[in-house]
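A.B. asks: Can you look at this prediction? I've put the sequence above it.
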Amino acid sequence: MITVVAAIIRQDNTILLTRRKQGQWLAGYWEFPGSKLEDVETLQACLEREIHEELRLTVQAGDVVSTNIHTYDHATIRLVALETTIKEGSPVLTVHDDMAWVPVSRLLNYQLAPADIPVAQMLADR
Ligand SMILES: Nc1nc2c([nH]c(=O)n2[C@H]2C[C@H](O)[C@@H](COP(=O)(O)OP(=O)(O)OP(=O)(O)O)O2)c(=O)[nH]1
C-alpha cells in the first residue's frame, strides 16, 4: 500500500486546497497538497520537503489529524493528513494549476479527490 502524506495548512480560518493539473491522474480534483511517502523518511520531513518543492512554502508539519485508507481502481492509498503551519512564504503554484483558501465548512463544495472526502468531513464535524 502507498502512504500519501497531506498537509492541512490553515490561515485565517481557512485551509489550503490545490487542484491537480491536466495530464495527471485525478486531474481537476482538489486535494490537500502533499506527496507519496518515500523510503524511510518521517511523515513530517516528507511533507515539509514536498510542500517546499510544490508551493515554495517553508512549513512545520505537526500532529496527524486523520488517517484513512482509500481504494482507487489503480491503487490503494493510506492518506495521512498532518496539521501544518506556515513558517515563511506565500504559496506559489509549481505543480498544481489552481489553489484556494477555503473555510472548513465549504471544503465539501469542492470536487475533492475521493480519498479526501472523509478528511474534509471530519474537519467540518470537529
Ligand atoms: N498529494 C495528495 N495526493 C492525494 C490526495 N488525495 C489523493 O487521493 N491523492 C492521491 C493522488 C496521487 O495518486 C497520490 C499522491 O501522489 P503524488 O502527490 O506524489 O502525486 P503524483 O501525481 O506524482 O502521483 P501519481 O500521478 O504518480 O499517482 O495520492 C491528497 O489530498 N494529496
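C.D. replies: Okay, I see it.
A.B. asks: so how far is the ligand from Thr67?
C.D. replies: Here Thr67 is placed at a distance of 12 Å from the ligand (CB to the nearest ligand atom, to the nearest Å). C-beta coordinates here come from the backbone N, C-alpha and C atoms, glycine included.
A.B. asks: okay, now that residue: neighbour count?
C.D. replies: Residues lying near Thr67 (other CB atoms under 10 Å) number 11.
A.B. asks: Check the spacing between it and Ile9 real quick.
C.D. replies: The gap separating Thr67 from Ile9 is 18 Å, by CB to CB, to the nearest Å.
A.B. asks: Give me every residue in the protein lying close to the ligand.
C.D. replies: 4, 6, 24-26, 31-36, 77, 79, 113, 115-116 (CB under 6 Å from any ligand atom).
A.B. asks: Only the buried subset of the residues you listed, as a ChimeraX command please.
C.D. replies: The ChimeraX selection below is limited to those of these classed as buried (16 or more other CB atoms under 10 Å):
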select :4,6,26,31,32,33,34,35,77,79,113,115,116
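A.B. asks: Report the contact partners of the residue sitting nearest the centre point of the chain.
C.D. replies: What sits nearest the mean C-alpha location of the chain, by CA atoms, centre = their mean, is Phe32, with 2.0 Å. Listed by CB atoms under 8 Å, 6 or more residues apart in numbering, the contact partners of Phe32 are 6-9, 15-18, 81, 116, 119.
A.B. asks: Could you rerun that using 6 Å?
C.D. replies: Applying CB atoms under 6 Å, 6 or more residues apart in numbering, we find Phe32 in contact with 6-7.
A.B. asks: Could you tell me the model confidence score at it?
C.D. replies: Per-residue confidence (pLDDT) for Phe32: 98.
A.B. asks: any idea what sits nearest Ser105, other than its immediate chain neighbours?
C.D. replies: Distance criterion CB to CB, 6 or more residues apart in numbering; nearest residue to Ser105, sequence neighbours excluded, is Ala124 at 6.0 Å.
A.B. asks: Alright, calling it a day.
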